[in-house]
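Chemist: below is the structure, and that's it, no one-letter string:
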């Protein structure tokens, strides 16, 4: 009887231990600089002005409409 009680208690303890998971919170992405500040590389577009947010956004908009939009590209 003691063995059965110990076995049931062990099973209950192992089942309840699965409920004790720690909460997982996202820390978020940490960036040192804004994405439009540039990389200082020769591989960037020559027409894009680094550290100019409006230029960055207009290039992203043009890229989304011309290069990455399959509907516009195929039709």
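Modeler: Happy to help now that I have it. Model, not experiment: these values are computed from the prediction. Numbering: from 1, shown residues only.

Chemist: contacts only, for residue 44.
Modeler: By C-beta atoms under 8 Å, 6 or more residues apart in numbering, the contact set of residue 44 is 38, 50. Where you see a C-beta, it was placed from the backbone N, CA and C, and this is true even at glycine.

Chemist: adjust the sequence numbering to begin at 678 for everything that follows.
Modeler: New numbering, starting at 678: the last item is residue 721.

Chemist: any idea how far it lies from residue 729?
Modeler: 12 Å (C-beta to C-beta, to the nearest Å).

Chemist: what's the nearest residue to residue 722 if we skip its chain neighbours?
Modeler: Nearest residue to residue 722 in three dimensions, chain neighbours excluded: residue 736, at 6.5 Å (C-beta to C-beta, 6 or more residues apart in numbering).

Chemist: how much space between the one you found and residue 710?
Modeler: Noted for residue 736: a distance of 17 Å to residue 710, by C-beta to C-beta.

Chemist: for residue 738, same thing?
Modeler: Residue 738 is 21 Å from residue 710, by C-beta to C-beta.

Chemist: quick one: residue 687 from residue 698, how far?
Modeler: For residue 687, the distance to residue 698 - C-beta to C-beta - is 20 Å.

Chemist: looking at these two, which one has more neighbours?
Modeler: For residue 687 versus residue 698, neighbours defined as other C-beta atoms under 10 Å are more numerous around residue 687 (10 against 7).
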